[in-house]
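>>> Return atomic coordinates for the entry below.
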Amino acid sequence: MKAEYIITNYNSIPTTFLLEDGRLVKACPLYSDSILGNVYTAKVVNIVKSINAAFLDAGTGDYLYYSLAENEGKNIFLRHGNTDKVCMGDEILVQISRDPVKSKKGVASADIVIKGDYVVINRTTEIGVSGKIADADEKDRLKKAVSSVVEKYKDINAGLIVRTSAEHATEKEVVAEAEKLLTELREIITKADHLSVKQLVYRSERSYIDEIKDIIIRQKYDDFEIITDIEEIFDALNAYIKENDIGTGLDSEKQVYLKLFSDNMTDPTNVYNLKSKLEKGMAKTIHLKSGGSIVVEPTEAMTVIDVNTGKAIRGKQTEKTFLKINIEAATEIARILRLRNISGIVMIDFINMKEQDSLNTLVQHFKSEIAKDEVKVNYVDMTALGLVELTRKKTKRPLTLKDFTL
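Coordinates of the predicted model:
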């Protein structure tokens, strides 16, 4: 598979676009004022019991939301009284888990996360292995390899998740990175203890670099081209790739290219037809080549997706026609989940089919499509009413077209 990772100014916002064989599967605005992933010393300025939350001042320009329930037992107190509860005036260490957007406040968490090539460090006190590693023996091997390392960092409630990319790494490489990042987490906490309040303790790696690095390490594409017309980003990527020797571990058949787009007459948005691709991918109704359509309805509790036959009904072979539309819709729905970053519960109403073989074919195809997702997607079941039920892990908030405009 060939992929292009494009970084360009879209509606005056630096934005990343990932195309797989020409199909837009991911897009993300890079707000210049992003503080996502940064770690700060913060002061508790208010506690609202009705929502079981505190509001913090970390010197980021606005107060941050801090859930007391979600962070119970994880709070990292820097200046604190004699109670185990968070109180007004306390100073705590937090990481930004969600950027502030327009009227919505940023979200802070005590669960500090540091990503590496093979492991993700957190403060859950648990050790996990990516669900995308199917081999049970390989899972056990990797879990045992890092367990003794994590044990040494119990004092900071350290936890660890082994990433999918570790499947292709040596045990020595995984353990060495785990040790390095766990040491970094302890140093962050120790450093914060000597700082005054409202100080930046740790700056997160730029999101596009982290995503590019992840793609390269996982060796997902046969040809991977990174394209940008923003010189500062090109220079940063070029330096980062050289400094970290990224890409040297790839198979000889797999290639990675970095290109500065320098055509003064046009820009990547026009050359790659990004505006049209984004608008169609974010539309409420998406029309399929088969003549059918998909309707996406986000609700407070879940996202509901309906597949319609549209103008596709011709002749007597309705079962065959329905299967064709459903197969195309399944591929498109898997793409939409990634593009819009839809998370939580998703209910899909495919076109009803009578034959069990048709249903089996659809389910197997859909499972293979959602397996391509970088985020964990859990296929739950097909209900008695023929509704497909799945869940997608929440990482960042869902995207709409409004997120791509100032």
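>>> quick one, strands of the stretch 1-150 of the chain?
2-10, 13-20, 23-29, 39-48, 53-57, 64-67, 77-79, 91-98, 107-109, 114-115, 119-122, 127-129 (DSSP state E, counting those that start in this stretch).
>>> could you dump these to JSON lines with distance to Val388?
Every C-beta, even on glycine, is put in place using the N, C-alpha and C of the backbone. Output for the strands of the stretch 1-150 of the chain, formatted as JSON lines (distance: least, C-beta to C-beta, whole Å):
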{"stretch": "strand 2-10", "distance to Val388": "27"}
{"stretch": "strand 13-20", "distance to Val388": "23"}
{"stretch": "strand 23-29", "distance to Val388": "20"}
{"stretch": "strand 39-48", "distance to Val388": "39"}
{"stretch": "strand 53-57", "distance to Val388": "35"}
{"stretch": "strand 64-67", "distance to Val388": "31"}
{"stretch": "strand 77-79", "distance to Val388": "46"}
{"stretch": "strand 91-98", "distance to Val388": "29"}
{"stretch": "strand 107-109", "distance to Val388": "31"}
{"stretch": "strand 114-115", "distance to Val388": "31"}
{"stretch": "strand 119-122", "distance to Val388": "29"}
{"stretch": "strand 127-129", "distance to Val388": "26"}
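>>> Please name whichever of these is nearest to Thr318.
The closest of the strands of the stretch 1-150 of the chain to Thr318 is strand 23-29. By C-beta to C-beta, the value is 28.3 Å.
>>> Who are the packing partners of that closest one?
Judged by 3 or more C-beta pairs under 8 Å, 6 or more residues apart in numbering; DSSP states H and E, the packing partners of strand 23-29 are strand 13-20, helix 274-282, helix 318-340.
>>> What about the residue lying closest to Arg203 once chain neighbours are set aside? Give its phi and psi, please.
Nearest residue to Arg203 in three dimensions, chain neighbours excluded: Asn38, at 5.6 Å (C-beta to C-beta, 6 or more residues apart in numbering). According to degrees, to the nearest 10, the main-chain angles of Asn38 amount to phi -70, psi 150.
>>> contacting residues for Ile127?
Contact analysis of Ile127 by C-beta atoms under 8 Å, 6 or more residues apart in numbering lists Lys143, Val146, Ser147, Val150, Gly159, Leu160, Ile161, Val162.
>>> Pull the number of nearby residues for the nearest residue to Leu339 once chain neighbours are set aside.
Among residues not flanking Leu339 along the chain, Gly281 sits closest, at 4.8 Å (C-beta to C-beta, 6+ apart). Here the count is done by other C-beta atoms under 10 Å, and Gly281 has 21 residues near it.
>>> residues contacting the residue nearest to Arg203?
Counted by C-beta under 8 Å, 6+ apart, Asn38 has contacts Gln95, Ile96, Leu200, Tyr202, Arg203, Ser204.
>>> Tell me the bridge partners for the second one.
Same thing as Ile96. Beta-bridge partners for Ile96, by DSSP bridges, are Ala108.
>>> again with the third one
For Leu200, the residues forming beta bridges with it (DSSP bridges) are Tyr40.
>>> for the lowest-mean-pLDDT helix or strand in the chain, packing partners?
Least confident helix or strand of the chain, by mean pLDDT, DSSP states H and E, is helix 207-218 with a mean of 82. Where contact means 3+ C-beta pairs under 8 Å, 6+ apart, helix 207-218 is packed against strand 2-10, strand 223-228, helix 231-243.
>>> Listing partners with orientation, what would you give for the second one?
Neighbouring strands of strand 223-228 in its sheet, by DSSP bridges, are strand 2-10 (parallel), strand 255-260 (parallel).
>>> Mind telling me which of those strands the model trusts least?
Mean pLDDT values for the strands paired with strand 223-228 show the minimum at strand 255-260, a mean of 84.
>>> average pLDDT for the helix or strand just after that strand?
Using DSSP states H and E, the next helix or strand after strand 255-260 towards the C-terminus is helix 268-271. Mean pLDDT, computed over helix 268-271, is 95.
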